[in-house]
Structures are given as C-alpha cells and as structure tokens.
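[1] Would you be able to build a 3D model of this:
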Amino acid sequence: MRRLAIFSGKGGTGKTSLVAAFTHLHSRVVAADCDVDAANLALLLPGRDEPDRAFFSGKKARVLDDLCSACGECVSTCRFGALDWTADGGVAVDRLACEGCEVCARVCPFEAIALDDNQAGVWTRRSLDGEVGARWLVHATLGVAQDNSGKLVSRVRAEADALAAAHDIDTVLIDGPPGIGCAVHAAMGQVDRILVVTEPTPSGEHDLVRLLETAAQFDVPACVAINKHDLSERGSAAIVATCRRWGVEVIGWIPFDPAVPRALARGEVPLGHAVDPVTDAAIRAVWERFATATCGPVRRLVTPRFGGARAG
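    Residues are numbered from 1 along each chain as shown. Next up is the predicted model:
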C-alpha cells in the first residue's frame, strides 16, 4: 500500500480540488480528508455515507448536584473559568470552556465532580462507487471548540488504511490540513511522498518553505506543484529557485482558469469539459508524475529551531 499526501501552507491554494481530481483519475483508491477542522472534500466526491461514528477524546467535567455542597473549591480553582455559580447558588460547568484537566475533581472534598468522555467529533466512510467498492472516502468533522484535531486525523488515516487493506486497494490519497501544526504532523507521518501545492506569491513561497522544513524533519520525500503559475512569472521563478535550493522538484504547472471556481461552485471536479483543455491536461500531468515519480528527500537547510544554528 502506498500513501500519497497533498499539502499546502495555507487554505485556498487548490489542494482539495487536486485531491478530488486525483481520486477521479484513479480507479482504485481511498481518499482521506484529514482537514478535519474544515473538511470539504466530500462536496466534490458524491456517494453514500455510512452512519456517523462518534470520536471521543479527552474528558469534560460534570457536577453531581446530589453530592455538591456548593463550597466553591472547584469554582476558585478552575483556571479556565469553566465552573461558575448558578442563579440558585449551585455550581454549573461550561463544557465549551472545560479543558478536562481534572483539577476540580481532585480538589472537591465531596467527590461531586464526574469526568465524562468527551465527544470531540464524528467520522464516517463514503462509498464512491456503490457496490463496486473500489473507491472510498473517509472524512470527519471536528466539533465546536475542540482541540484534538491531530488525534481525529490519526483516526481518519487509520480507517483509510483499514479500508484499503480490506478491499485490496493499493493507494491512499491524503488531503492534508493547511499549515504546519499538529494536524499536519499527524497527516504527514509514515507517508511515501508528499505533493506541496503553492502559488506564485511571496506568502506562497513563505508557506512553501515552512512545509519543506517540516517535511525535512519527517524525512519525507517531497515535490511541488505551482497553481495559477501564469499569474506571476516572477513569483513562479522565485518558487522554482526556492525548490532548487531545497533540492525539491517542481512537477506541475497549473494555469489560472476562471472555469475552475465555477466548476467547484457546481460541485464538479475540475477535469474534462468543466475546465479549459489546458487546465485539464495540466492536472492530469501532475497526477501522472506524482503517482509515478520518485520524489527526492528535502535538504535540511535549517537545523532544528530549538537552540540550533543555520546550517547552510
């Protein structure tokens, strides 16, 4: 089984659109939407969802009213302000503010605080081919005010791997979250190679470097695709120079095409008649090269930031 992941330094670069297109171009694949904070790959990959499965992570406090003496120990001790007085002199928990640290339960002299498993989100599996079972999507939604996105990403990845193994599918396509935070770490670990989607702008170059630094720390082979490359010849040249410095190959050049956002607004994948033939050919070429290329390792131009010095 090979795991191919697509990342971008920020949202809106076209990463999810490319993952949807790549899924259509592969006959046997499991797509994993690991952008659980703002999952939207399902909008472009219609199919039949299985019932939602709950995802639990962490704890939330709950006051046991029959045991509570309203002594106030928990209220004064909670540093998150999650416990407060009610109008009738009791104590209540704001579950959105509660961090599940258990301090309130430890200081309560009457053991009047219970800690419940916290449902942090939901995940499900979607069959994209009905009874054929050759293409699947695993996607999830993180709940409001939840901060366990890395753990939910890991669950999505585990379920995608299990689906691929059960149906003898050789490719898992990972739609990674933007940025370089813990959710990205959960999505990037133990993949065969990554494709970084960027744009020919100063912010695109900056975000590209941050991702390449992260990939170098994970020792993950990487390659790059420049979306809307024709909007700035100078910006594209800067991206190429940056990739050369990091030892990373640019394998795709996708032009700006006003038909792409119109297709996405209709819920269509940017391929075929939905876009300009040049755009269609460019996206197909990126997939062919990414699916078959042997991407090289990212050069470690910067040593770890904790006390490290620039190496070159």
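
[2] the helices in the stretch 201-312 of the chain, which residues?
    With helices called from DSSP state H, counting those that start in this stretch, the stretch 201-312 of the chain shows them at 202-218, 233-246, 259-265, 277-292.

[3] wait, which of the ones you listed is closest to Cys34?
    helix 202-218 (14.5 Å; Cβ to Cβ). In short, each C-beta sits where N, CA and C put it, glycine included.

[4] Next, the buried residues of the closest one.
    Neighbour counts over helix 202-218 (16 or more other Cβ atoms under 10 Å) mark Gly204, Glu205, Asp207, Leu208, Val209, Leu211, Leu212, Glu213, Thr214, Ala215, Ala216, Gln217 as buried.

[5] repeat for stretch 169-186
    Neighbour-count burial for stretch 169-186, counted by 16+ other Cβ under 10 Å, picks out 169, 171-180, 183-186.

[6] for stretch 279-292, same thing?
    Of all the residues in stretch 279-292, those buried under the rule 16+ other Cβ under 10 Å are Thr279, Asp280, Ala282, Ile283, Val286, Trp287, Arg289, Phe290, Ala291.

[7] what do you get for stretch 8-25?
    Using 16+ other Cβ under 10 Å as the burial criterion, the residues of stretch 8-25 that qualify are 8-10, 13-25.

[8] Among the buried residues of stretch 169-186, name the ones in helices.
    The members of the buried residues of stretch 169-186 that map onto helices under DSSP state H are Ala183, Val184, His185, Ala186.

[9] Show me what the longest strand anywhere in the chain is packed against.
    The strand spanning the most residues in the chain, taking DSSP state E as the definition, is strand 113-127. If you count contacts as 3 or more Cβ pairs under 8 Å, 6 or more residues apart in numbering; DSSP states H and E, strand 113-127 packs onto strand 48-49, strand 53-63, helix 103-107, strand 135-142, helix 149-166.

[10] would TSV of those with distance to Thr86 and mean neighbour count be doable?
    What follows is these, written out as TSV (distance: least, Cβ to Cβ, whole Å; neighbours: other Cβ atoms under 10 Å):
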stretch	distance to Thr86	mean neighbour count
strand 48-49	40	11
strand 53-63	9	18
helix 103-107	15	16
strand 135-142	29	25
helix 149-166	32	20
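
[11] Nearest to Ser232, out of those?
    Taking Cβ to Cβ, helix 149-166 is the member of the helices and strands packed on strand 113-127 nearest to Ser232, at 32.4 Å.
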